[in-house]
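[1] here are the coordinates; sequence isn't available:
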């Protein structure tokens, strides 16, 4: 499914960390100190994962699937193009083609246009 969603093969992971949440009687500053009490309520492990999505139109779907699978702090970050110059050239060519294809009807939609020529004589 990852290939269908445009996810690149270069996933990266960060450092695996873990925490021990304690009950409300624990008065420490997140440093485990037995003299303050506070039973360990469980364990939380975190592993940051970064995926590169090359099909920008599927990025939202990838985020939704990750969130539904239990991921937290899921977001689209650093949205951009790998080849910005090529993307700009494609956008410019598309805009010129659109203007050329639709110019007659857009001019007609403006209605009558008066043109005056002023001479300096």
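    Yep, that arrived. For clarity, every value in this text was computed on a predicted model and none was experimentally measured. Numbers count the residues shown, from 1 in each chain.
[2] How much space separates the residue nearest the centre of the chain from residue 70?
    What sits nearest the mean C-alpha location of the chain, by Cα atoms, centre = their mean, is residue 76, with 2.3 Å. Separation of residue 76 from residue 70 (Cβ to Cβ, to the nearest Å): 18 Å. Every C-beta, even on glycine, is put in place using the N, C-alpha and C of the backbone.
[3] With residue 53 instead?
    Note on residue 53: its distance to residue 70, by Cβ to Cβ, is 19 Å.
[4] what about these two, which has more around it?
    Per other Cβ atoms under 10 Å, whichever of residue 53 and residue 70 has more neighbours is residue 53, with 19 against 7.
[5] Which parts of this structure are strands?
    Applying DSSP state E to the chain gives strands spanning 12-13, 17-19, 44-46, 49-50.
[6] can you tell which of these is closest to residue 6?
    Comparing the strands of the chain by their distance to residue 6 (Cβ to Cβ), the top pick is strand 49-50, with 15.0 Å.
[7] Tell me which other helices or strands that closest one touches.
    The contact analysis (3 or more Cβ pairs under 8 Å, 6 or more residues apart in numbering; DSSP states H and E) places strand 49-50 against strand 12-13.
[8] The strand it packs on - contacts with which helices or strands?
    By 3+ Cβ pairs under 8 Å, 6+ apart, strand 12-13 packs against strand 49-50.
[9] Quick check: chain neighbours aside, which residue is closest to the residue nearest to the centre of the chain?
    Among residues not flanking residue 76 along the chain, residue 59 sits closest, at 5.1 Å (Cβ to Cβ, 6 or more residues apart in numbering).
[10] can you pull the pLDDT of that neighbour?
    For residue 59, the model assigns a pLDDT of 83.
[11] Make sure it is actually in contact with residue 51.
    No. Using Cβ atoms under 8 Å, residue 59 is not in contact with residue 51, being 9.4 Å away.
[12] quick revisit: and for the residue nearest to residue 76, the neighbour number?
    Counted with other Cβ under 10 Å, residues neighbouring residue 59 total 17.
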